[in-house]
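Trainee: Just the structure for this:
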Amino acid sequence: MKKIRELRADEIEVRVGVVRKNGISLLLYKDARCDMNILDETFGITGWKRHHELINGSLFCTVSIRDENGEWISKQDVGVESYTEAVKGAASDSFKRACFNIGIGRELYTAPFIWIPSDKVSIAEDNGKLKVRDSFFVSYISYDESGRIIKSLEIRNQRKEVVYQINMENKSSGQISQPEKTRPISEYRMKKLQDEMQRTGVTEQQIIARYHVSLANITEIDYKRIMNALKKTDSKVA
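Mentor: Sure, this is the predicted structure:
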């Protein structure tokens, strides 16, 4: 089977996770175009295919790649609707998740918790809500010998100022620890939580009603108690 390369710095997107008065968290992700480009590059435009289907009301995507013997190998995953475009968001999300299963961008799961203190970011309050005025991009990334674990990472803002820099072998640069009650969860934990919600049929509205927290503001301590309860909950009936 052909080896899928790791993501380059310019292929990794950065978005703001949680905004606090004392700083923000950043999340690393890839978009669907990146997945399509790597599939084309690795397997050729005729060497892969995708299709979507509804299973128990949820949209799944199956991505198939053709190996050297002409056999098709398939991976499938479910999508989560976006806040703006439900169907399109679920289709894109299921495709990206299926590509994670194949191995594209799986190294992003090894990203450290990225916290940018308030003195390195412009945070403003608008109608009672905190908003970030800056944008961010990955300026440098390196991996270990396996190519699947992030070894070092550098992030800059739109003015090309370094706001985060870390070497995973020496975590003294750029990372500030937070207690569990205020530390936002990682993108990997968010995916696990959404998977459990999908399995049990528990909605965000139910989580808000019971735990008084929305998905956008879940901290480590919230995550542990919610996941504890979800794991004890039976799967929803089809």
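Trainee: Okay, strands next: where are they in this structure?
Mentor: In the chain, the segments counted as strands under DSSP state E are 13-20, 23-29, 48-55, 58-66, 72-78, 114-117, 123-126, 129-132, 136-143, 150-157, 162-167.
Trainee: Now tell me what touches the longest one from outside.
Mentor: Pointing back at strand 58-66 there. 39, 43, 46-54, 72-79, 87, 90-91, 94-95, 97-99, 101-102, 198 (CB atoms under 8 Å, 6 or more residues apart in numbering). Every residue, glycine included, has its C-beta placed from N, CA and C.
Trainee: Filter these down to the buried ones, ChimeraX style.
Mentor: Buried residues among the contacts of strand 58-66 (16 or more other CB atoms under 10 Å), as a ChimeraX selection:
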select :39,43,47,48,50,75,76,77,78,79,90,91,94,95,97,98,99,102,198
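Trainee: re the thing from before, so which of the strands of the chain gets nearest Asp234?
Mentor: Closest to Asp234 of the strands of the chain is strand 58-66 (CB to CB; 17.1 Å).
Trainee: Tell me which residues touch the residue located most distally from the centre of the chain, please.
Mentor: Within the chain, the residue lying farthest from the chain centre (CA atoms, centre = their mean) is Asn69, at 33.0 Å. By CB under 8 Å, 6+ apart, Asn69 lies in contact with nothing.
Trainee: CSV for the strands of the chain, including mean pLDDT?
Mentor: Output for the strands of the chain, formatted as CSV (pLDDT from 0 to 100):
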stretch, mean pLDDT
strand 13-20, 93
strand 23-29, 93
strand 48-55, 94
strand 58-66, 94
strand 72-78, 94
strand 114-117, 92
strand 123-126, 90
strand 129-132, 93
strand 136-143, 95
strand 150-157, 94
strand 162-167, 92
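Trainee: Just tell me which of these ends up closest to Ile207.
Mentor: strand 13-20 (16.2 Å).
Trainee: Tabulate the CA atom coordinates of the closest one in PDB.
Mentor: Output of strand 13-20 as PDB, limited to C-alpha atoms (Å, rounded to 0.1, in the frame of the first residue of the first chain):
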ATOM      1  CA  GLU A  13      -5.700  25.300   9.000                       C
ATOM      2  CA  VAL A  14      -5.900  27.100  12.300                       C
ATOM      3  CA  ARG A  15      -9.100  28.200  14.000                       C
ATOM      4  CA  VAL A  16      -9.900  29.700  17.400                       C
ATOM      5  CA  GLY A  17     -11.400  27.200  19.900                       C
ATOM      6  CA  VAL A  18     -12.300  28.900  23.200                       C
ATOM      7  CA  VAL A  19     -12.000  32.600  23.900                       C
ATOM      8  CA  ARG A  20     -11.400  33.800  27.500                       C
END
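Trainee: what's that strand packed up against?
Mentor: Other elements packing on strand 13-20 under the criterion 3 or more CB pairs under 8 Å, 6 or more residues apart in numbering; DSSP states H and E are strand 23-29, strand 129-132, strand 136-143.
Trainee: Just give me the residue closest to the centre of the protein.
Mentor: What sits nearest the mean C-alpha location of the chain, by CA atoms, centre = their mean, is Glu187, with 4.1 Å.
Trainee: Who are the contact partners of it?
Mentor: Glu187 touches 17, 27-29, 108, 111, counting by CB under 8 Å, 6+ apart.
Trainee: Report the buried members of these.
Mentor: For these, buried by 16+ other CB under 10 Å: 17, 27-28, 108, 111.
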